[in-house]
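Participant: kindly generate the corresponding structure for this input.
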Amino acid sequence: MIDVRAVIDPSAKLGEGVFVGPFSIIGPDVEIGDHTWIGPHVVINGPTRLGAHNRIFQFASVGEAPQDLKYNGEPTRLEMGDRNTIRENCTIHRGTAQGDGVTSIGSDNLFMATVHIAHDCHIGNHVIMANAASLAGHAVVEDWAILSGFSVVHQFCRIGAHSFAGGFTKITQDIPPYVMVDGARARPIGINKHGLKRRNFTEESIRELHRVFKLLVRNRPTKENWDEAEEMAATCNEVRFFIDFIRASQRGIVR
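Facilitator: Next up is the predicted model:
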């Protein structure tokens, strides 16, 4: 399953059924899980750990050293789960000693062509990053979030679960879960209603999220807004998650 024109470091560990295409390079301290498919002209450097059934297309660079001037060759790493698809020309970098020391990616994600994931980023599961979407260092993207083409995320921003960012959106503050943003500078435009319906959220939950969005995101919330939101959270777990995200935000949320 390994093309004779591929270059595999003797210390690399490849699982059962791994395919490596021609002219790909697998460096030292790399582990690749079972039945992973690696196309031609892919470079994977370590320390990097990939799970099973991943697909990596041509010209992707995975596990490369971070683009951080403070990086001085420390043994940081990249860790990735299962069933991820990494399309052409993607770049995914390891962590830094000044950060968490690790870039982590969950499972079942789709990274379309030319996506960039910088050092110390943490991505959950079922995330979609469309063509040329980019994360600066230390960003967090939670489960089921979607970043449309050419959207860019500032360092240390947090993208909430089930959120959606439109194309060419500049994101410099946190996006609460379930929220849609758009614009040259990200602005909230509503709840990601259609995405939530596809994921079987109830109509009641979506209505409650729309109410709390108007209370806490559309305008600067008053104490009365917060009190009303807390009452809603007592009977709706999604609202509770929404409120807790906003309270924990370090950079502030988009408004």
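Participant: all helices in the stretch 1-150 of the chain, in order from the N-terminus.
Facilitator: Applying DSSP state H, counting those that start in this stretch to the stretch 1-150 of the chain gives no helices.
Participant: residue 217 touches residue 255, doesn't it?
Facilitator: Yes. If you go by CB atoms under 8 Å, residue 217 and residue 255 touch, sitting 6.5 Å apart. Where C-beta positions appear, they are placed from N, C-alpha and C, glycine not excepted.
Participant: the more surrounded of those two?
Facilitator: Neighbours per residue, other CB atoms under 10 Å: of residue 217 and residue 255, the larger number sits with residue 217, 21 against 13.
Participant: which SS state does the closest residue to the more buried one other than its chain neighbours fall under?
Facilitator: Once flanking residues are discounted, residue 217 sits nearest to residue 188: 5.2 Å by CB to CB, 6 or more residues apart in numbering. Under the three-state scheme (DSSP: H, G, I helix; E, B strand; the rest coil), residue 188 adopts strand.
Participant: how close does residue 188 sit to residue 85?
Facilitator: Plainly put, residue 188 is 29 Å away from residue 85 if you go by CB to CB, to the nearest Å.
Participant: do residue 226 as well
Facilitator: Relative to residue 85, residue 226 is positioned 41 Å away (CB to CB).
Participant: the residue found closest to residue 73 once you drop the neighbours it is linked to in the chain and residue 209: what is the separation?
Facilitator: Nearest residue to residue 73, sequence neighbours excluded (CB to CB, 6+ apart): residue 65, at 7.7 Å. In this structure, residue 65 and residue 209 are 41 Å apart, going by CB to CB.
Participant: between these two, which has more neighbouring residues?
Facilitator: residue 209 (27 against 14).
Participant: for the more buried one, give me phi and psi.
Facilitator: Reported as degrees, to the nearest 10, the phi and psi values for residue 209 are phi -70, psi -40.
Participant: does it touch residue 239 like I think?
Facilitator: Yes. Residue 209 lies in contact with residue 239 (CB under 8 Å); the separation is 6.5 Å.
Participant: mind listing the shared neighbours of residue 217 and residue 255?
Facilitator: Common neighbours of residue 217 and residue 255 are listed as residue 188 (criterion: CB atoms under 8 Å, 6 or more residues apart in numbering).
Participant: flag the shaky bits of the stretch 1-150 of the chain, pLDDT-wise.
Facilitator: For the stretch 1-150 of the chain, no stretch has pLDDT under 70.
Participant: wouldn't the residue nearest to residue 73 be in contact with residue 47 here?
Facilitator: No. If you go by CB under 8 Å, residue 65 and residue 47 don't touch, sitting 10.9 Å apart.
Participant: find residues that contact each of the two.
Facilitator: In contact with both residue 65 and residue 47: residue 94, using CB under 8 Å, 6+ apart.
Participant: can you tell me the centre-most residue of this structure?
Facilitator: In the chain, the C-alpha closest to the average C-alpha coordinate belongs to residue 123, at a distance of 3.5 Å (CA atoms, centre = their mean).
Participant: ok, what's across the strand from that residue?
Facilitator: For residue 123, the beta-bridge partners under DSSP bridges are residue 105, residue 141.
Participant: quick one: average pLDDT of stretch 152-170?
Facilitator: In this model, stretch 152-170 has a mean pLDDT of 98.
Participant: that one: how far from the chain's middle?
Facilitator: In terms of CA atoms, centre = their mean, to the nearest Å, the centre of stretch 152-170 is set 9 Å apart from its chain centre.
Participant: in stretch 215-234, which residues are buried?
Facilitator: 215-217, 221, 228-229, 232-233 (16 or more other CB atoms under 10 Å).
Participant: pick the one among those residues closest to residue 162.
Facilitator: Set against residue 162, the nearest of the buried residues of stretch 215-234 by CB to CB is residue 217 (14.4 Å).
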